[in-house]
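A.B. asks: Make a model of this:
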Amino acid sequence: MSERPGYEIVALSELERWPDLRHDGPVLLPLRYLLDLRAFGANAWTAPAGKQIVPRHEEDSGNEELYVVVKGRATFTVDDETLDADEGTLVHVPNGVVRGAVAEEPDTIVLAVGATPGQAYTPHGWDEVVVAFSKARAGDVDGGRSMMASLIARRPGEWQGPYNAACFEALNGDADHAFAALREAVELNPDAVHGYAAQDDDLASLHDDPRWQELFA
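C.D. replies: Just a heads-up that it's a prediction; the model follows:
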């Protein structure tokens, strides 16, 4: 990244690549936190040919999104419509519409930009969570843990940070810190945490611990 007074110039080819361990295929090229974007969210994705580059999902946050194929070719599915998107194609998807995409060529890159109409953009740090988990999988557990701690410190009072920290610690063998984070998340939003925890494989290593029953009985 080339820094100049008041602005930056970024080459996608120079960005670090972090596999999104929640899905089979997508690799994150972080932009939002690298540039400290505050008006809208933006990140880039790549994937091996034949794999998901945009997991099939719908935005329930109110965001509308614009996907731009900046390199290669992808097949998008929006609701029930499938379209071939080669380099230079833009796909605009409003909130509540199911979308997904598969990379059709090696090193395909899709830029995703999003925000909620009529609201100030608020980053929640999910992209930092992806990087933290990927760092740990690559052997840098301390680096991933540091990212998680920094995210929680910047967004106190949000249950998602402690919950994701619990998942991180459970996957990396620290049950004590995982339960401490889970308790904090439950205190902040018991309904949301109970709903997610029951079906979250990241927390599977904690199920036989008596502390799990204390929290979720």
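
A.B. asks: Show me what the helix or strand where Cys167 lies is packed up against.
C.D. replies: Assigning secondary structure by DSSP states H and E places Cys167 in helix 160-171. Packing contacts for helix 160-171, counted by 3 or more Cβ pairs under 8 Å, 6 or more residues apart in numbering; DSSP states H and E, involve helix 126-137, helix 141-154, helix 175-188, helix 190-197. For every residue, glycine as well, the C-beta is placed using N, CA and C.

A.B. asks: Quick check: which of those helices is nearest to Ala166?
C.D. replies: Ala166 lies closest, by Cβ to Cβ, to one member of those: helix 175-188, at 3.9 Å.

A.B. asks: buried sites along that closest one?
C.D. replies: 177-186, 188 (16 or more other Cβ atoms under 10 Å).

A.B. asks: which one of the helices and strands packed on helix 160-171 is the most hemmed in?
C.D. replies: Neighbour counts (mean count of other Cβ atoms under 10 Å) averaged over each of the helices and strands packed on helix 160-171 peak at helix 126-137, with a mean of 21.

A.B. asks: any idea of the angle that one forms with helix 141-154?
C.D. replies: 160 degrees (axes from the mean of the first three to the mean of the last three Cα atoms, to 10 degrees).

A.B. asks: can you give me how far helix 126-137 is from the chain middle?
C.D. replies: Helix 126-137 sits 8 Å away from the centroid of its parent chain (Cα atoms, centre = their mean, to the nearest Å).

A.B. asks: ok, residues contacting that helix?
C.D. replies: Residues outside helix 126-137 that contact it (Cβ atoms under 8 Å, 6 or more residues apart in numbering) are 18-22, 28, 30, 32-33, 43, 141, 143-145, 147-148, 150-151, 160, 164, 167-168, 171-172.

A.B. asks: cool, and stretch 18-37?
C.D. replies: With Cβ under 8 Å, 6+ apart as the test, stretch 18-37 has contacts from 1, 8, 10, 12, 15-17, 41-48, 51-55, 102-103, 109, 111, 121, 123, 125, 127-128, 130-131, 133-135, 137.

A.B. asks: do the same with stretch 173-186
C.D. replies: 159-160, 162-163, 165-170, 193-194, 197, 203, 205-206, 209, 211, 215.
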